[in-house]
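A.B. asks: Here is a sequence together with a model predicted from it:
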Number of protein chains: 2
Amino acid sequence: MRRIITISREFGSGGRELGKRLADALGIPCYDHEIIKLIAKENGFDERYVANMSERSIDAAYPLTIGHRFALDAMPVMEQPIRVAVSQREILENFAKQGDCVIVGRCADVILEAYHPLNIFVYADMAAKIARCQERAPEGENLTVKELERRIRQVEKGRRQFREMYSEIKWGEKEAYHLCINTSGREIKSLVPALVSFVECWFGPGEE
Amino acid sequence: MRRIITISREFGSGGRELGKRLADALGIPCYDHEIIKLIAKENGFDERYVANMSERSIDAAYPLTIGHRFALDAMPVMEQPIRVAVSQREILENFAKQGDCVIVGRCADVILEAYHPLNIFVYADMAAKIARCQERAPEGENLTVKELERRIRQVEKGRRQFREMYSEIKWGEKEAYHLCINTSGREIKSLVPALVSFVECWFGPGEE
């Protein structure tokens, strides 16, 4: 059975790191920012535009038409967010067809439902998320705790909106996932062996 | 580090079975109905009364004074639910002090917070819970699907109310737990090796 693992995550929960480490431990690819790069490339959009759109609803994406490059004449502005969504679905399905993989974000849990993915949600309490964001802040970025909290809520609101395009089960509601992991106060890498074991239990032994 | 594992669960999700199997795999005791038996014994209550009270709020417990035996004269009716709650806390703390264990239900996740338990929530979709209840129905019990669904919702409502005595984070909200597992369509025993691995990752290697 093909092992497609999707990781949905709260901002600052370490979900992206967990996805990457899990994929490495399983010896399979992890798709994360690659998806945005591909969508941008295939449609001639700016990556920042796609990144922004990919985590917001189509409605919210309409005003964000700056940054696209050579697609402007060929594609009416109103069609762009839809094009991103279509392209995203095609790219995710291609990944799933190619073989076992971990996919971070992009509503892959819903979009790839037909491939019976194992859907994991990674979360943490606000203090832990703020601490992780502070640790990983690029040099020169000195956001206050309040500002970080606002940013976390903003990104998560975008993810929630984006998911509403695909499913009536809300983003982050445990019913949408098979496994939800709270990473508060945990080192991400300490959780990886357990997740590998979980993947093995879920799908049975690998095909190799 | 002492390994206290609490299992909270939706009715029919297989949480109790998971707790028992996990404890067996770890070679540690699992406390479930034992807790009710002990509370009943120590206070001279009927087990059915305690079982009912242990999953409902104190308010809801007041009318349920049938079944108690020799405590009636010694203890005013109004004090009984409080006595159950006090007794339950003492018993849970004694278990935690004795050594590693798995505890199913009874809000052990909140009551034993000072012992830093690993808190697991087990859930499933309604169809899966109904199917599990049907499989496990005692001979002669022929509830319809509608009746089973009503019973499931009723029991879960009781658990939700009971938890409100202890915590403002609601029963079943993932924020209250470290790990939430969806058992829909899964054989409980197939998940046990992954949980053993999770416990090992969480607490580090055992003390033996």
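C.D. replies: Noted; the coordinates are in hand. Just so you know, these numbers come straight off a predicted model, no measurement behind them.
A.B. asks: Give the buried residues for the one helix or strand A:K37 maps to.
C.D. replies: Assessed by DSSP states H and E, A:K37 sits inside helix A:33-43. Buried residues in helix A:33-43, counted by 16 or more other CB atoms under 10 Å in any protein chain shown: A:35-36, A:38-40, A:43. Backbone N, C-alpha and C define where each C-beta goes, glycine included.
A.B. asks: List, one by one, the residues from chain A near chain B.
C.D. replies: Taking CB under 8 Å from any CB of the partner chain as the contact definition, chain A meets chain B at A:121, A:123, A:125, A:172, A:174-175, A:177-182, A:190-194, A:196-198, A:200-202.
A.B. asks: tell me how far the ends of stretch A:28-37 are from each other?
C.D. replies: 20 Å (CA to CA, to the nearest Å).
A.B. asks: what comes into contact with it?
C.D. replies: A:3, A:16, A:19-20, A:22-24, A:47, A:50-51, A:54, A:88, A:91-92, A:95, A:99-106 (CB atoms under 8 Å, 6 or more residues apart in numbering or on different chains).
A.B. asks: Which ones among the residues you listed map onto helices?
C.D. replies: In helices, defined here by DSSP state H, the members of these are A:16, A:19-20, A:22-24, A:47, A:50-51, A:54, A:88, A:91-92, A:95.
A.B. asks: Give me the buried entries from these.
C.D. replies: A:16, A:19-20, A:22-23, A:50-51, A:54, A:88, A:91-92, A:95.
A.B. asks: Going by distance to B:I7, which of those wins?
C.D. replies: Comparing those against B:I7 with CB to CB places A:L22 closest, at 24.5 Å.
A.B. asks: For the closest one, list the residues it contacts.
C.D. replies: A:L22 touches A:5, A:7, A:30, A:102, A:192, A:195-196, A:199, counting by CB under 8 Å, 6+ apart.
A.B. asks: Show me these that map onto helices.
C.D. replies: A:192, A:195-196, A:199.
A.B. asks: most surrounded residue in those residues?
C.D. replies: In terms of neighbours by other CB atoms under 10 Å in any protein chain shown, the ones in helices among the contacts of A:L22 top out with A:L195 at 26 neighbours.
A.B. asks: Next one: it, what pLDDT does it get?
C.D. replies: Confidence at A:L195, expressed as pLDDT, is 96.
A.B. asks: Skipping adjacent residues, who's closest to it in space?
C.D. replies: A:L22 (5.2 Å; CB to CB, 6 or more residues apart in numbering or on different chains).
A.B. asks: ok, the buried residues of helix A:33-43 vs B:P81, which is closest?
C.D. replies: A:I35 (54.5 Å).
A.B. asks: Which helix or which strand is home to A:R151?
C.D. replies: Going by DSSP H and E, A:R151 is part of helix A:145-164.
A.B. asks: what's that helix packed up against?
C.D. replies: Contact analysis of helix A:145-164 by 3 or more CB pairs under 8 Å, 6 or more residues apart in numbering or on different chains; DSSP states H and E lists helix A:126-135 as its packing neighbours.
A.B. asks: tell me the angle the helix it packs on makes with helix A:145-164.
C.D. replies: 100 degrees (axes from the mean of the first three to the mean of the last three CA atoms, to 10 degrees).
A.B. asks: Helix A:126-135 - contacts with which helices or strands?
C.D. replies: Using 3+ CB pairs under 8 Å, 6+ apart, helix A:126-135 sits against helix A:145-164.
A.B. asks: contact partners of the helix or strand following the helix it packs on?
C.D. replies: Next along the chain after helix A:145-164, taking DSSP H and E as the criterion, comes strand A:179-182. With contact meaning CB under 8 Å, 6+ apart, strand A:179-182 is reached by A:18, A:118-125, A:174, A:191, A:195, A:198, B:174-175, B:177-182.
A.B. asks: Could you tell me the average pLDDT over strand A:179-182, please?
C.D. replies: On average, strand A:179-182 scores 98.
A.B. asks: re the thing from before, looking at the buried residues of helix A:33-43, which is nearest A:K157?
C.D. replies: A:I36 (19.1 Å).
A.B. asks: and the closest one, how far is that from chain B?
C.D. replies: Distance of A:I36 to chain B, computed by CB to the nearest CB, to the nearest Å: 27 Å.
A.B. asks: Tell me the pLDDT of that residue.
C.D. replies: Confidence score, pLDDT, at A:I36: 86.
A.B. asks: That one and A:E47, how far apart?
C.D. replies: Going from A:I36 to A:E47 by CB to CB, to the nearest Å gives 6 Å.
A.B. asks: Just say helix, strand or coil for A:S190.
C.D. replies: Three-state call for A:S190 (DSSP: H, G, I helix; E, B strand; the rest coil): helix.
A.B. asks: Report the contact partners of A:I188.
C.D. replies: A:14, A:17-18, A:21.
A.B. asks: So in terms of bridging, what pairs with A:I4?
C.D. replies: Note on A:I4: beta-bridge partners A:C101, judged by DSSP bridges.
A.B. asks: Report how many residues lie close to it.
C.D. replies: For A:I4, using other CB under 10 Å, the count is 24.
A.B. asks: So which residue is smack in the middle of chain A?
C.D. replies: The residue lying closest to the centre of chain A (CA atoms, centre = their mean) is A:G105, at 1.3 Å.
A.B. asks: Quick check: it touching A:I7?
C.D. replies: Yes - contact criterion CB atoms under 8 Å: A:G105 and A:I7 qualify, at 7.2 Å.
A.B. asks: Common neighbours of those two, please.
C.D. replies: Between them, A:G105 and A:I7 share the contacting residues A:R16, judged by CB under 8 Å, 6+ apart.
A.B. asks: picking that back up, show me which of the contacts of strand A:179-182 are buried.
C.D. replies: A:18, A:118-124, A:174, A:191, A:195, A:198, B:174, B:177-182.
A.B. asks: Helix or strand with the lowest mean pLDDT in chain A?
C.D. replies: Here the helix or strand of chain A ranked lowest by mean pLDDT, DSSP states H and E is helix A:58-61, holding a mean of 47.
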